[in-house]
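> got a sequence here, can you model it:
(one chain, ligands or ions: 2)
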Amino acid sequence: MNRRDFLIVAGAAALTPHIAFASTQTQLMAQPVRAQILPEGHPATAMLGFNGGTPGPVLKMQQGGMFDIRFMNRLDEDSAIHWHGLRTDNAMDGVPGLTQEVVKPGAEFAYRFHAPDAGTFWYHSHNRSLEQVAKGLYGPLIVEESAPPDVDHDLVVMIDDWRMTEAGTLADDFDNMHDQAHDGRLGNYARALVEPVKQVQRGDRVRLRLINVATDRIFPVIIEGADGMVVALDGMPLPNPRPMSDLVLAPAQRADIIADVTSSDHLAFIFQTREGSYLLGEIPMDGENAVRVPSQVPALVPNAVAQPDMDKAVSLTLSMEGGAMSRRMMRGMMGRRDAIWAFNGQSGVTDRPFHRFARGQTARIKLINDTRFPHGIHLHGHHFFEIGAGDTPGDFRDTTLVEAGGTREIACVFDNPGKWLLHCHMLGHQAAGMKTWVDVI
Ligand code: C2O
Ligand code: CU
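Ligands and ions are numbered 1, 2, ... in the order given. Prediction:
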């Protein structure tokens with residue numbers, strides 16, 4: 001396989017991110033940090049992080065438990081934290097201007113919320129998120145099953161890309177309108193940040209919790225050195241585990257994989273593009289474990305999910321518009337950076353929601369991508385079904401990737417009251433107007 005280091009940086013030293021474990025009553029302190037983004041030997045990079053590093057600590061909770069997180073803003077800018085994928089209380093959703101005020105420098109906010117679903121989630125800044133997430137304000141959030149699957153290692157793998165300068169600093173070009181009108185702010189250096197682990201051996205069974213935390217890049221991922229199945233997407237168990245070939249993670253999407261290690265020297269994450277393949281990261285290996293015989297991967301225990309009432313569903317259309325080479329651009333609508341993209345002709349969050357739902361109502365929404373770029377559409381506070389062939393509810397996700405020129409139908413039971421953001425999770429697009437909200441009353 002033709003492997004290159006991702007674009008600008010030579011050398012293949014494993015990244016050693018700061019990953020720590022937090023206790024139940026957790027303090028999450030946002031602050032400037034220095035992090036070894038580039039391989040050892042290169043200078044550390046000025047970033048933003050939590051509790052001294054980026055990514056922030058792995059926040060863990062038993063299903064049904066209550067998170068109690070004291071968020072302390074020690075940045076010199078406003079912030080707020082969103083718990084991505086958690087179907088929880090609106091007041092705790094962390095969206096400034098919609099669910100709370102910004103948390104000022106030096107101020108604090110007490111986030112208390114339930115963890116109704118077991119699975120792989122994450123948290124990130126939701127204030128000027130293009131910039132704050134790019135600078136490192138994110139971390140994993142894991143809700144454990146009461147009967148977890150039988151594995152030897154349970155590992156978080158966060159995939160990110162950074163736009164680095166030759167001097168080893170993070171590029172400061174967050175206002176670049178060209179980026180935002182195209183694929184967003186893509187990095188030039190990518191890594192898989194693997195939770196530190198000891199003694200992974202051939203024959204071991206691993207659970208890998210992949211999270212794409214990049215602001216804008218879609219990652220097709222290949223896993224080498226292990227054989228297994230995808231058991232969950234966006235935190236929600238698949239009724240039938242499926243092969244891990246063709247695994248694609250749009251920004252914010254997650255995939256849980258249960259796999260048996262088949263190699264004694266090599267368990268690697270590969271970013272596969274048409275131009276080549278890049279090593280994102282490796283898990284260090286430590287010999288053989290002859291004890292375990294590979295067996296079938298069982299499905300995870302499902303979370304409690306309301307079934308959509310397709311007969312009574314209200315039908316809606318959400319049309320994605322704008323960006324480079326669009327009619328919107330031709331009409332000169334793109335002089336304003338926050339109006340490069342639109343849903344149904346409207347850019348940004350206004351007083352008028354995309355729709356107001358009576359609590360419990362099912363909607364089927366046709367997502368029409370009338371642009372030259374793919375978009376990963378994320379709904380807060382709910383998961384939704386991607387409608388599959390024969391009109392049947394398919395994968396249950398919180399972020400769905402709609403190809404350029406493509407259409408996807410989703411069905412959602414709007415059963416969580418409050419004001420919920422609905423936006424493209426390519427954060428460069430979100431910053432440039434691709435967001436709206438829904439009201440559930
Ligand atoms: Cu990952 Cu609006 O969020
Ligand atoms: Cu987008």
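> what's the spacing between the most centrally placed residue in the chain and T165?
Taking Cα atoms, centre = their mean, the centroid of the chain lies closest to A252, which sits 1.6 Å from it. A252 is 26 Å from T165, where distance means Cβ to Cβ, to the nearest Å. Using the backbone N, CA and C atoms, a C-beta is placed for each residue, glycine as well.
> any weak-confidence spans in the chain?
Along the chain, the model assigns pLDDT under 70 to residues 1-25, 290-293, 332-335.
> residue in it with the shortest distance to ligand 1?
H84 (3.6 Å; Cβ to the nearest ligand atom).
> give me the distance between the two termini of stretch 231-242.
7 Å (Cα to Cα, to the nearest Å).
> in it, what's buried?
Residues of stretch 231-242 classed as buried by neighbour count (16 or more other Cβ atoms under 10 Å): 231-238, 241.
> then stretch 430-441?
Residues of stretch 430-441 classed as buried: 430-438, 440 (neighbour count, 16+ other Cβ under 10 Å).
> also near ligand 1: which of those, exactly?
Residues of these in contact with ligand 1 (Cβ under 6 Å from any ligand atom): none.
> close to ligand 1: what parts of the stretch 1-150 of the chain are there?
Counting by Cβ under 6 Å from any ligand atom, the stretch 1-150 of the chain sits next to ligand 1 at 82, 84, 124, 126.
> isn't the last one up against G94?
In this case it means H126. Yes: using Cβ atoms under 8 Å, H126 is in contact with G94, at 5.0 Å.
> neighbour-wise, which of the two wins?
H126 (29 against 26; other Cβ atoms under 10 Å).
> for the more buried one, give me its contacts.
Neighbouring residues of H126 by Cβ atoms under 8 Å, 6 or more residues apart in numbering: 80-82, 94-96.
> where neighbours are concerned, which of these has the most?
I81 (28 neighbours).
> surely that one touches S129?
No: if you go by Cβ under 8 Å, I81 and S129 don't touch, sitting 10.4 Å apart.
> what are the buried residues along stretch 261-281?
For stretch 261-281, by 16+ other Cβ under 10 Å, it's 261, 264, 267-272, 277-281.
> now, which of those lie within strands?
Residues of the buried residues of stretch 261-281 located in strands (DSSP state E): 261, 267-272, 277-281.
> get me the contact residues on the stretch 301-441 of the chain for ligand 1.
378, 380, 421, 423, 425.
> pick the one among these closest to A44.
Comparing those against A44 with Cβ to Cβ picks out H425 as the nearest, at 28.3 Å.
> what about that closest one, how many neighbours?
The tally of other residues near H425 (other Cβ under 10 Å) stands at 28.
> what does A389 give?
For A389, using other Cβ under 10 Å, the count is 6.
> for it, give its distance to ligand 2.
With the distance defined as Cβ to the ion, to the nearest Å, A389 ends up 25 Å from ligand 2.
> need phi/psi at that residue.
phi -60, psi 150 (degrees, to the nearest 10).
> surely G168 forms part of a strand?
No: the assignment for G168 (DSSP: H, G, I helix; E, B strand; the rest coil) gives coil, which keeps it out of a strand.
> for G41, see how far away it is.
Where G41 is concerned, G168 sits at a distance of 10 Å (Cβ to Cβ).
> what do you get for S277?
Between S277 and G41 the distance is 24 Å, computed by Cβ to Cβ.
> check V314 too.
Remark: distance between V314 and G41 (Cβ to Cβ) = 58 Å.
> more neighbours: which of the two?
Neighbour totals were compared for V314 and G41, and V314 leads with 13 against 8 (other Cβ under 10 Å).
> if the spatially closest residue to the more buried one that is not a sequence neighbour is in a bridge, with which residues?
With sequence-adjacent residues excluded and distances taken as Cβ to Cβ, 6 or more residues apart in numbering, V314 is closest to A363, at 5.0 Å. Beta-bridge partners for A363, by DSSP bridges, are V314, C412.
> for L379, same thing?
L422.
> quick one: contacts for it?
L379 is in contact with 398, 412, 420-422, 438, counting by Cβ under 8 Å, 6+ apart.
> show me where the stretch 251-400 of the chain has helices.
Here the stretch 251-400 of the chain has its helices, by DSSP state H, counting those that start in this stretch, at 327-330.
> what about P353, neighbour count?
16.
> please name the bridge partners of F269.
I223, G281.
> residues contacting it?
F269 neighbours (Cβ under 8 Å, 6+ apart): 157, 159, 192, 194, 221-224, 279-282.
> if we use 10 Å, what do you get?
157, 159, 191-192, 194, 208, 210, 219, 221-225, 278-283 (Cβ atoms under 10 Å, 6 or more residues apart in numbering).
> which of these are buried?
So, by 16+ other Cβ under 10 Å, the buried ones in those are 157, 159, 191-192, 194, 208, 210, 219, 221-223, 225, 278-283.
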